[in-house]
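K.L.:
Starting from these lines, generate the structure:
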Amino acid sequence: MSRKRQTPPIEKCTFCGKSRHMVESLIAGPPQIYICNECVELCNSILIEELHKSDAPSGSATGGAGDLGIGGDQPLSLESLPTPREIHGLLDQYVISQDHTKKVLSVAVHNHYKRLLWTQEKGRDDDDDGVEIDKSNILLIGPTGSGKTLLARTLARILEVPFAIADATTLTEAGYVGEDVENLLLKLLQAADWDTERAERGIVFVDEIDKLARTQNNVSITRDVSGEGVQQALLKILEGTVANVPPQGGRKHPEQQYIQINTANILFVCGGTFVGLTDLIRRRVGRKLIGFDSDAAAIEDASETEILQEVEPHDLFEFGMIPEFIGRLPVAATLGALSIEDLVRVMTEPRNAVVRQYQKLFQMAGANLEFTPEALHEMASICLKKETGVRAVRSIIEALLLDTLYDLPQAGKDGRRYVITPEMVRKEATVVPIPASTKSKADAGANEAASEAAKAPPAKTGKGKAKKRKRESA
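P.N.:
Next comes the predicted model:
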């Protein structure tokens, strides 16, 4: 009589019940006790969340609503809150031009934290009249390369508050492949070091918001899950709600515990290029380019910057943004295209200017890089022709210094000088190094004249010549 063959028991995770073949790794403990890597990650996130909750009272006492770059050692208060003019001055160190937009951002950030600090310090007084100030989200409209993203990054640098920069092109409606809108708050939570109280007083910059526009003349019967659907999903978050944020992002871990964040005190700044918006503004103004109307000629000759300044919510509706979304962005600021003078200042004046970056690269290799003023103007004019703004500056310098950067590490640290001229920018001449021992012609001529003057005998004056004649006559 044959005995039945007993199959070995299948090793499963004691917590979630998944077998060894369903997970990456399975850790064995006491007999018949196992735990998988997914449960370990989940337990780790829970412990981190509990740790931050236990440290929240002490952290909020020192950090509060976050500290600005001015006086960041002390907690932020109404007395130490920087004025909009001071914030504007900090932005001037990194961003050239766009004064109107910098004023809008400075006032918005100042009022945002004044509202929070007033509610925190004086909102519970007996003489409080019960007035609650709502937040004012911002919409930045401007061409590519005008400084929208740079303004956001600069604010993140000078503000010691939770600040997150997100891209709207990866967002999709709930239930579809892509990122959910709650991932915007997840990035802010990560910037706040998982401190929920600090994250609820942060700033979120949503870039490429114009890519969420409703598709025009769409003959498809399917839903617009990456356009109008995302706008609808962002409505409550922009206005203020308690959102459930997955700590690991997405729906890959349905068993994870959600973190609740109140977005009523989070400032949202949205930016986009809105290509084609100027045509809609011209159409709304009603000055049709027919006949010899002077107003029609004026609107035709107007620059893109002047046209964008006339933007109204109705133009954004026609562009593809839903009315409910535009209503939650009450402050709209337009950025203009940079002129040649502005581009030259962008290349040289800011702390992290492109020219300074390449000069730093040459200094690391033991060489010096110089640009003549005419060469800077030539590069600025080429940037205007490319119509990509400041982003074209780096591509121009990269193409100009490609061969030089290729041979620079092998040239040796002998202090060579590279002077960029307009002819080199126009590809009419090659970039040739000037050795440190070789001086310019003007300096060499001046040194030669000085040496000859030193060797020559001293010049005789009129009195010396008269004495010599007297001696010869005697």
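
K.L.:
Report how many residues lie close to K386.
P.N.:
Burial of K386 is recorded as 13 neighbouring residues (other Cβ atoms under 10 Å). Where C-beta positions appear, they are placed from N, C-alpha and C, glycine not excepted.

K.L.:
Please list all residues in contact with it.
P.N.:
Taking Cβ atoms under 8 Å, 6 or more residues apart in numbering, we find K386 in contact with A392.

K.L.:
again, but for the one 10 residues further on
P.N.:
Counting by Cβ under 8 Å, 6+ apart, I396 makes contact with M379, I382, C383, V425.

K.L.:
how does it look with 6 Å?
P.N.:
By Cβ atoms under 6 Å, 6 or more residues apart in numbering, the contact list for I396 reads M379, I382.

K.L.:
Would you map the helices across the stretch 51-200 of the chain?
P.N.:
Shown for the stretch 51-200 of the chain, the helices assigned by DSSP state H, counting those that start in this stretch span residues 84-92, 99-121, 148-158, 182-191, 196-199.

K.L.:
Please identify which of those helices is closest to V206.
P.N.:
With Cβ to Cβ as the measure, helix 182-191 is the member of those nearest V206 (6.7 Å).

K.L.:
If you count neighbours, what's buried in the closest one?
P.N.:
Of all the residues in helix 182-191, those buried under the rule 16 or more other Cβ atoms under 10 Å are E182, N183, L184, L185, L186, K187, L188, L189, A191.

K.L.:
In this structure, where is pLDDT below threshold?
P.N.:
1-8, 52-76, 122-130, 174-175, 216-226, 249-256, 286-302, 412, 435-474 (pLDDT under 70).

K.L.:
Between all of the buried residues of helix 182-191, which two are at the greatest distance?
P.N.:
Distance extremes for the buried residues of helix 182-191: the farthest pair is E182 and A191 at 15.0 Å, using Cβ to Cβ.

K.L.:
that older thread, for the helices of the stretch 51-200 of the chain, could you give me TSV that also reports distance to V419?
P.N.:
Compiled in TSV, the helices of the stretch 51-200 of the chain are given as follows (distance: least, Cβ to Cβ, whole Å):
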stretch	distance to V419
helix 84-92	30
helix 99-121	34
helix 148-158	29
helix 182-191	43
helix 196-199	50
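
K.L.:
distance of A380 from V425?
P.N.:
Counting by Cβ to Cβ, to the nearest Å, the gap from A380 to V425 is 10 Å.

K.L.:
scratch that, D342
P.N.:
Computed with Cβ to Cβ, the distance linking D342 and V425 is 18 Å.

K.L.:
between the two, which one's more packed in?
P.N.:
For D342 against V425, the residue with the higher neighbour count under other Cβ under 10 Å is V425, and the figures read 24 against 18.

K.L.:
Contacts only, for that one.
P.N.:
Taking Cβ under 6 Å, 6+ apart, one finds A375, E378, M379 in contact with V425.

K.L.:
Return the member of those residues nearest to P9.
P.N.:
Proximity of the contacts of V425 to P9 (Cβ to Cβ) peaks at M379, which lies at 72.5 Å.

K.L.:
Buried residues in the host helix or strand of the closest one, which are they?
P.N.:
Using DSSP states H and E, M379 sits within helix 373-386. Taking 16+ other Cβ under 10 Å as the neighbour-count basis, helix 373-386 is seen to contain the buried residues A375, L376, H377, E378, M379, A380, I382, C383.

K.L.:
if I look at the residue nearest to the first one when sequence neighbours are not counted, how far off is P373?
P.N.:
Meaning A375. Spatial nearest neighbour of A375, excluding adjacent residues (Cβ to Cβ, 6 or more residues apart in numbering): I420 at 4.7 Å. As defined by Cβ to Cβ, I420 lies at a distance of 11 Å from P373.

K.L.:
Which residue is the nearest non-sequential neighbour of L91?
P.N.:
Spatial nearest neighbour of L91, excluding adjacent residues (Cβ to Cβ, 6+ apart): K102 at 4.7 Å.

K.L.:
surely the one you found meets L90?
P.N.:
No - under the criterion of Cβ atoms under 6 Å, K102 makes no contact with L90, lying 9.6 Å away.

K.L.:
more neighbours, these two?
P.N.:
Between K102 and L90, K102 has the larger neighbour count (other Cβ under 10 Å), namely 23 against 20.

K.L.:
Distance check, the more buried one against S303.
P.N.:
Counting by Cβ to Cβ, the gap from K102 to S303 is 20 Å.

K.L.:
do E341 as well
P.N.:
Using Cβ to Cβ, we find E341 at a distance of 15 Å from S303.

K.L.:
Next: A411.
P.N.:
Taken as Cβ to Cβ, the spacing of A411 relative to S303 amounts to 45 Å.

K.L.:
who's in contact with F268?
P.N.:
When contacts are taken as Cβ under 6 Å, 6+ apart, F268 is in contact with N137, V204, L238.

K.L.:
ok, the closest residue to it other than its chain neighbours - contacts?
P.N.:
Closest residue in space to F268, ignoring its immediate chain neighbours: N137 at 4.4 Å, by Cβ to Cβ, 6+ apart. Remark: with contacts taken as Cβ under 6 Å, 6+ apart, N137 is in contact with L238, F268, L329.

K.L.:
What is the burial count for L280?
P.N.:
Should you count by other Cβ under 10 Å, L280 turns out to have 19 residues around it.

K.L.:
Would you mind naming the helix or strand containing it?
P.N.:
helix 277-285.

K.L.:
Give me the phi and psi angles of the residue nearest to A375.
P.N.:
phi -90, psi 130 (degrees, to the nearest 10).

K.L.:
now V269
P.N.:
Note on V269: backbone dihedrals following degrees, to the nearest 10 are phi -120, psi 120.

K.L.:
Just to check, it is in contact with F205?
P.N.:
Yes - under the criterion of Cβ under 6 Å, V269 lies in contact with F205, with a separation of 4.7 Å.

K.L.:
Burial check on the closest residue to T430 other than its chain neighbours, number of neighbours?
P.N.:
On the basis of Cβ to Cβ, 6+ apart, the spatially nearest residue to T430 that is not a chain neighbour turns out to be M424, at 7.0 Å. Counted with other Cβ under 10 Å, the neighbours of M424 add up to 21.

K.L.:
Next: D414.
P.N.:
Taking other Cβ under 10 Å as the neighbour definition, D414 ends up with a count of 11.

K.L.:
cool, and T430?
P.N.:
Residues within reach of T430, counting by other Cβ under 10 Å, total 9.

K.L.:
neighbouring contacts of the helix holding L280?
P.N.:
The contact list for helix 277-285, computed with Cβ under 6 Å, 6+ apart, reads E304, I307, E310, D315, E318, F319.

K.L.:
Stretch 351-371 too?
P.N.:
The contact list for stretch 351-371, computed with Cβ under 6 Å, 6+ apart, reads M347, T348, V393, R394, I397, L408, K413, R416, R417, Y418, V419, I420.

K.L.:
possible to save these as a markdown table with neighbour count?
P.N.:
Below are those laid out as a markdown table (neighbours: other Cβ atoms under 10 Å):
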| residue | neighbour count |
| --- | --- |
| M347 | 24 |
| T348 | 15 |
| V393 | 24 |
| R394 | 13 |
| I397 | 21 |
| L408 | 20 |
| K413 | 11 |
| R416 | 22 |
| R417 | 15 |
| Y418 | 20 |
| V419 | 16 |
| I420 | 24 |
